[in-house]
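1. Build me a model:
(one chain, ligands or ions: 2)
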Amino acid sequence: MNLTGPFTQIVTLNNLPLKGKLQDESLEIISNGGILTENGKILEVSDFDSLKQQFPDSEIDFIKGEQIAIPAFVDAHTHICFGGNRSNDFAMRNAGKTYLEIAESGGGIWSSVKHTRASSEEELVEGILKRVNQLIKQGITTIEIKSGYGLNVEEELKMLRAIKKAQAKTKVTLVPTCLSAHLKPKDFEGTSEEYLNYILDEILPKVKEENLANRVDIFIEKSAFQPEESKVFLEKAKELGFQITVHADQFSAGSSRIAVEVGAKSADHLEATIDEDIEFLANSNTVAIALPGASLGLGEPFSPARKILDKGGILAIATDWNPGSAPMGNLVTQASILATYQKLTTAEVLSAITFRAAFALDLEDRGILAEGKKADFITYNTDNFQNILYHQGSLLPNQVYINGEKVL
Ligand code: NIG
Ligand code: FE
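-> Ligands and ions are numbered 1, 2, ... in the order given. Sure thing, here's the model as predicted:
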């Protein structure tokens with residue numbers, strides 16, 4: 001048994017509802033708290049001195065000075081397996097060039113596909129681990145990673161194998177998602193419907209066979225896949241046993257509705273979701289994942305996070321870290337900025353990057369500090385939890401624990 005503490009404050013995020021708005025008063029905050037763990041799990045979170053008395057044999061990890069502890073963060077949507085760099089896209093976009101002009105000059109998703117295809121599996125593993133290490137420093141210990149820059153059997157499998165190899169080299173949990181339906185590749189001869197069938201027939205069975213992912217994503221948008229064909233694709237992927245997530249309503253409305261109809265775990269983006277569809281989404285158990293990093297990267301509106309919560313939906317916030325639309329990769333900065341523009345409470349933001357994000361990944365074993373949960377938590381050298389969002393990402397954790405073990 002290990003006892004870590006005493007902490008000035010422990011914010012457990014325990015006993016909060018999965019859905020809807022939250023007031024900061026509902027947060028459980030334990031002063032002079034301790035966290036008791038065994039075999040990677042939390043046994044108890046309560047007053048440090050009484051835990052010490054009750055469990056005199058526990059090994060004590062003494063915390064010096066003023067520090068707070070909260071659950072480690074979950075980034076439920078990233079594309080951090082890629083080759084190349086798209087800084088020229090960013091510069092061109094800011095110089096007023098259109099999507100088409102950028103694509104014609106060799107940018108856009110296709111440019112990442114070319115660079116990713118040109119990278120070896122080992123290079124991809126290195127790139128993933130480099131970015132994972134950046135995310136750990138922010139206190140993130142669970143990271144979803146999508147394929148989607150390979151776009152044929154060999155290259156998509158290469159990406160997913162790279163994620164699996166990276167997993168073997170890090171204690172952070174990596175959650176792989178097959179996003180072969182990111183875009184119909186330029187070198188595929190056939191319609192987009194035929195490409196979706198190719199994914200179903202050629203890619204997904206191999207993904208299953210090699211146990212490379214149990215989640216399937218699709219980009220439903222005018223420039224990518226159309227609503228009807230996407231719905232058929234998602235129903236079939238579900239029949240094959242995959243969980244579903246959708247890039248929905250990024251530029252035009254309609255696809256979050258499909259995500260709900262197929263029972264997706266999450267509908268992500270939602271910058272263009274109309275009020276009627278917000279209500280439909282909020283009445284479901286599909287998590288609405290806001291991606292402020294993409295809004296900031298593209299200069300697009302933020303997702304309607306406030307309305308989603310007010311209507312009773314489940315809100316999560318993720319980085320969407322990718323080489324094109326969201327190159328920043330700083331979850332707390334983005335979540336804090338979304339909070340100022342959308343008027344989100346501290347409780348709503350912290351829940352959106354912990355247990356509500358974990359729910360989107362079907363990982364209900366984490367995201368709160370309570371008995372039986374995975375002992376992933378982070379500590380900050382500060383005396384008040386409000387300082388985390390107040391500093392908008394510039395206050396970094398001073399320690400990160402995974403399965404009760406200090407990794408940073
Ligand atoms: O989530 N919207 C589609 N896909 C990514 C962008 C990927 C890219 O531009 O490379 C996104 O924003
Ligand atoms: Fe994305």
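2. What lies in contact with the lengthiest helix in the chain?
-> Taking DSSP state H as the criterion, the chain has its longest helix at helix 121-137. Residues from elsewhere that reach helix 121-137, judged by Cβ atoms under 8 Å, 6 or more residues apart in numbering: 75, 78, 80-83, 116, 119, 143, 145, 158-159, 161-163, 165-166, 169-170, 172, 174, 321, 329, 331, 396-397, 400, 407-408. C-beta coordinates here come from the backbone N, C-alpha and C atoms, glycine included.
3. Point out the residues in the stretch 1-150 of the chain that sit beside ligand 1.
-> With the criterion set to Cβ under 6 Å from any ligand atom, the stretch 1-150 of the chain comes near ligand 1 through 79, 109, 112.
4. make it 8 Å
-> Residues of the stretch 1-150 of the chain found near ligand 1 (Cβ under 8 Å from any ligand atom) are 77, 79, 82, 86, 89, 108-109, 112, 148-149.
5. Separate out the buried members of those residues.
-> 77, 79, 82, 86, 89, 108-109, 112, 148-149 (16 or more other Cβ atoms under 10 Å).
6. Which of these fall in strands?
-> If you go by DSSP state E, these have nothing in strands.
7. pLDDT on the next helix or strand after the longest helix of the chain, on average?
-> Using DSSP states H and E, the next helix or strand after helix 121-137 towards the C-terminus is strand 140-146. Averaging pLDDT along strand 140-146 gives 99.
8. how big is the angle separating strand 140-146 from helix 121-137?
-> Strand 140-146 runs at 140 degrees relative to helix 121-137, counting by axes from the mean of the first three to the mean of the last three Cα atoms, to 10 degrees.
9. Most proximal residue of the stretch 251-400 of the chain with respect to ligand 1?
-> The nearest approach of the stretch 251-400 of the chain to ligand 1 comes at Gly324, 2.5 Å away (Cβ to the nearest ligand atom).
10. That residue reaches Trp110, doesn't it?
-> No - contact between Gly324 and Trp110 fails when scored by Cβ atoms under 8 Å: they sit 10.2 Å apart.
11. For the stretch 251-400 of the chain, what lies in contact range of ligand 1?
-> Near ligand 1, when you scan the stretch 251-400 of the chain using Cβ under 8 Å from any ligand atom, you find 268-269, 291, 294, 297-298, 320, 322-326.
12. Cross the residues you listed against strands and list the overlap.
-> Of these, the ones assigned to strands by DSSP E are 268-269.
13. and the residues of the stretch 251-400 of the chain next to ligand 1, which are buried?
-> Using 16+ other Cβ under 10 Å, the buried ones in those are 268-269, 291, 294, 297-298, 320, 322-326.
14. now what about the helix or strand of the chain with the lowest mean pLDDT, what contacts it?
-> Lowest on mean pLDDT, DSSP states H and E among the helices and strands of the chain sits helix 99-104, with a mean of 91. Helix 99-104 has contacts (Cβ under 8 Å, 6+ apart) with 89, 92-93, 108, 110, 223.
15. so what are the domain limits for the chain?
-> As assigned by automatic domain parsing, the chain contains the domains 2-71+367-406, 74-360.
16. For Lys184, give me phi and psi.
-> Backbone torsions for Lys184, taken as degrees, to the nearest 10, come to phi -70, psi 120.
17. which ones are touching it?
-> 151, 192, 195, 224-225.
18. Most neighbours among these, please name it.
-> In terms of neighbours by other Cβ atoms under 10 Å, the contacts of Lys184 top out with Leu151 at 27 neighbours.
19. Could you measure from it over to Ile35?
-> 44 Å (Cβ to Cβ, to the nearest Å).
20. Run through the helices of the stretch 151-300 of the chain in chain order.
-> Secondary structure of the stretch 151-300 of the chain by DSSP state H, counting those that start in this stretch: the helices cover 153-167, 192-198, 204-209, 227-239, 255-261, 275-282, 292-298.
21. In CSV: those helices, plus mean pLDDT.
-> Output for the helices of the stretch 151-300 of the chain, formatted as CSV (pLDDT from 0 to 100):
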stretch, mean pLDDT
helix 153-167, 99
helix 192-198, 98
helix 204-209, 98
helix 227-239, 98
helix 255-261, 98
helix 275-282, 98
helix 292-298, 98
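22. quick one: which of those is nearest Lys21?
-> Across the helices of the stretch 151-300 of the chain, the minimum distance to Lys21, taken as Cβ to Cβ, is reached by helix 275-282, at 10.7 Å.
23. which other helices and strands contact that closest one?
-> helix 255-261, helix 305-310 (3 or more Cβ pairs under 8 Å, 6 or more residues apart in numbering; DSSP states H and E).
24. Helices along the stretch 1-150 of the chain, start to end?
-> Assigned helices in the stretch 1-150 of the chain, in chain order: 48-54, 87-94, 99-104, 109-117, 121-137 (criterion: DSSP H, counting those that start in this stretch).
25. Take the ones you listed and write them to JSON lines, including distance to Ile378.
-> Putting the helices of the stretch 1-150 of the chain into JSON lines (distance: least, Cβ to Cβ, whole Å) gives the following:
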{"stretch": "helix 48-54", "distance to Ile378": "18"}
{"stretch": "helix 87-94", "distance to Ile378": "30"}
{"stretch": "helix 99-104", "distance to Ile378": "38"}
{"stretch": "helix 109-117", "distance to Ile378": "31"}
{"stretch": "helix 121-137", "distance to Ile378": "10"}
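26. Good, we can wrap up now.
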